[in-house]
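**Q** Sequence plus predicted model, see below.
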Amino acid sequence: MAKQNDPSTPSGRGGRASRVLVLLGLVVVALLITLAFVRPTSVSTAPDQVALHYSDGAFTPKRFKDCVEPSRRQWDGPGDRHYSYPSSQTNFVFDNGDSDGAPITFVTKDGIEMTVEGVANLMLNTDCDALRGFHDLIGNRYVAYMDGDERSPGWNRMLSVYIARPLDTAIDRAGQKYTYTDLYTDPNVKAQWEADVVAALPDLVNRQTDGEVDFFENFAITLQKPEPPQAIKDALIAQQEAVARARASEAEAAAKQKAAEAQVAVEKAEAAKIQERINVLGRDGYLRQYAIDKGLNPYQPTTSGIIQNR
């Protein structure tokens, strides 16, 4: 029969200590596992952020709970998720730089392809119900919620679909109402075209969501001067130079005509003045006076009188 360890002996005390340490280790592990499941989650929104709160714990279904307003800190249940979105203005820049999209091309009324750069401004509808609908339908699919304080790559991908494509359509449709020369040379026509684009954009953007709630609002747009192909620009410059030369020639001809008319008027006035003097002095008297005025002697000697005296 095996001999049991006496608790009073050193070997008995060591075995009991080992069992206590094992038990304590198990308790610590259990506590760590428990903390992993029961520790609360938190969210802190910036002044230009809102957030959506969803339950997502180990023993709870994933379900929408509430919205978190800007500049709020909130503690929620273990495993819950928070998705932040911008409440400030969103800019979609399209140009040749390091921007959100490339310049947009469109065709004018007279069939000329033009290119335009600019920026579209809008805001996400952060009403709680609207934001929840946006997240469930679009934001979650594109991972468009914010990455900390920064707008995520998913947000930019979402803009390329839900903003860039409707913007392209709005610019193209509005451009078909005007000729390229009017858009390129007339600032009033360009301003009206810009107004046409911003008027059409909200419906085209929100039509894609196919819902009763508009996910985007407060649209504004700034378009740069649209540019035709270089060959068209060169032709316009040549045309403008020809018009300028023609106008310069017309102005020169008009100036010469006026100078000639002025000269004729002077000569007529001078002739009238001479005629008046002839009327007073007679023709011979005028001629003698004219000679005297010019420093000539009208009374030259002749030989006819000498011959007659002989």
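**A** In hand now; what should we look at? Numbering: from 1, shown residues only.
**Q** where does this protein have low pLDDT?
**A** 1-15, 20, 26-39, 57-60, 236, 300-310 (pLDDT under 70).
**Q** what sits against the closest residue in space to residue 277 that isn't next to it in sequence?
**A** In space, and not counting its chain neighbours, residue 277 is closest to residue 286: 5.3 Å by CB to CB, 6 or more residues apart in numbering. Heads up, the C-betas are built off the backbone N, CA and C, glycines and all. Contacts for residue 286 (CB atoms under 8 Å, 6 or more residues apart in numbering) come out as 274, 277, 278.
**Q** Dump those residues into JSON lines; add neighbour count, secondary structure and distance to residue 207 as well.
**A** Shown next, in JSON lines, are those (neighbours: other CB atoms under 10 Å; DSSP: H, G, I helix; E, B strand; the rest coil; distance: CB to CB, whole Å):
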{"residue": "274", "neighbour count": "12", "secondary structure": "helix", "distance to residue 207": "88"}
{"residue": "277", "neighbour count": "13", "secondary structure": "helix", "distance to residue 207": "92"}
{"residue": "278", "neighbour count": "13", "secondary structure": "helix", "distance to residue 207": "93"}
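**Q** Would you format these as a markdown table with distance to residue 227 included?
**A** Converted to a markdown table, the contacts of residue 286 look like this (distance: CB to CB, whole Å):
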| residue | distance to residue 227 |
| --- | --- |
| 274 | 67 |
| 277 | 71 |
| 278 | 73 |
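**Q** ok, of these, which one's closest to residue 256?
**A** Closest approach to residue 256 among the contacts of residue 286 (CB to CB): residue 274, at 26.8 Å.
**Q** and that closest one, what is it in contact with?
**A** residue 286.
**Q** what does stretch 275-283 rub up against?
**A** 286, 289.
**Q** Try it again at 10 Å.
**A** Contacting residues not belonging to stretch 275-283 are listed as 284, 285, 286, 287, 288, 289, 290 [CB atoms under 10 Å, 6 or more residues apart in numbering].
**Q** which among those residues end up buried?
**A** Buried by 16 or more other CB atoms under 10 Å: 286, 288, out of the contacts of stretch 275-283.
**Q** For residue 140, state which of the contacts of stretch 275-283 is nearest.
**A** When the contacts of stretch 275-283 are compared against residue 140 (criterion: CB to CB), the nearest one is residue 290, at 108.7 Å.
**Q** how about that closest one, what does it touch?
**A** 274, 277, 281, 296, 298.
**Q** Now do the strands in the stretch 101-250 of the chain.
**A** 104-107, 113-116, 118-124, 216-223 (DSSP state E, counting those that start in this stretch).
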